[in-house]
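Colleague: pasting a predicted model and its sequence here:
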Amino acid sequence: MAPEPTQTEIKVPIIWVLGGPGSGKGTQCEKIVAKYGFTHLSSGDLLRNEVKSGSPRGKELTEIMEKGELVPMDVVLDLIKEAILKALPCSKGFLIDGYPREKEQGIAFEKKIGEVSVVLFFDASENTLVERLLGRAKTSGRVDDNEETIKKRLNTFNTHNDQVVQQYTAKLKKINAERDADTIFTEVQSYLDPLVKS
Ligand SMILES: Nc1ncnc2c1ncn2[C@@H]1O[C@H](COP(=O)(O)OP(=O)(O)O)[C@@H](O)[C@H]1O
Ligand SMILES: [Mg+2]
């Protein structure tokens, strides 16, 4: 069996999408996909799919996600890498939503997958995040959209995000995510248009 290459050859843009739970990452990624046709990979969705599959690994993940904690880095990175390789032949670019959650995850991603082009950080206050998540909870059916877990997720986010942000200042686009979704998307386009124009 041929050894797996340590670094995949990816020639299209790789965009990381950072922001607290409820900051609007999913909402903006939808708009980005519609305009740019990038491949949207949400680490949370990949994990939730693994849970749904009913695998033993999925059961372990449920327990961690219900506590609002971070799942082991290798699990997430493997899922992301698998999804990237699958989409690579016809992808225009990759939107990595909700990863890296901590500095080490970012370092591991660039080592095992490829260099990030730009980092979008959707910044919103804790009050805004809680308010939006409680709104989403009514329809999302997510095990982690309840007030207690929301508070833990915000804690986890605040603990780790500063370090991630500091690691990538040169590529970081900090975006005020308190505004309405269309206004935010106008700013987002100003960062992504240069990536796709030659
Ligand atoms: N700019 C915005 N203004 C108001 N509500 C928003 C905005 N962006 C997202 N929302 C709402 O907030 C909730 C969380 O958004 P979502 O995109 O799922 O966030 P994330 O993926 O970052 O957790 C959803 O109910 C969504 O409709
Ligand atoms: Mg999301």
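Modeller: Received the coordinates, thanks. Predicted, not measured: the structure shown is a model, and the values here were computed from it. Ligands and ions are numbered 1, 2, ... in the order given.
Colleague: just for this structure, where's the confidence low?
Modeller: Across the chain, the ranges flagged by pLDDT under 70 are 1-8, 198.
Colleague: let's see 80
Modeller: 1-8, 197-198 (pLDDT under 80).
Colleague: in it, which spans are helices?
Modeller: Secondary structure of the chain (DSSP state H): helices at 25-36, 43-52, 56-66, 73-87, 103-112, 126-140, 147-167, 181-196.
Colleague: can you say which of the ones you listed is nearest to ligand 2?
Modeller: For the helices of the chain, the distance to ligand 2 is smallest for helix 25-36, at 3.5 Å, taking CB to the ion. Backbone N, C-alpha and C define where each C-beta goes, glycine included.
Colleague: and the closest one, what's buried?
Modeller: 25, 26, 27, 28, 29, 31, 32, 36 (16 or more other CB atoms under 10 Å).
Colleague: could you do stretch 181-197 as well?
Modeller: Buried-residue list, stretch 181-197, by 16+ other CB under 10 Å: 184, 185, 188, 191, 192.
Colleague: before we move on, what about stretch 40-56?
Modeller: Across stretch 40-56, burial judged by 16+ other CB under 10 Å covers 40, 41, 42, 43, 44, 46, 47, 48, 50, 51.
Colleague: check contacts around the first one.
Modeller: By that I understand residue 40. 29, 30, 32, 33, 95, 97 (CB atoms under 8 Å, 6 or more residues apart in numbering).
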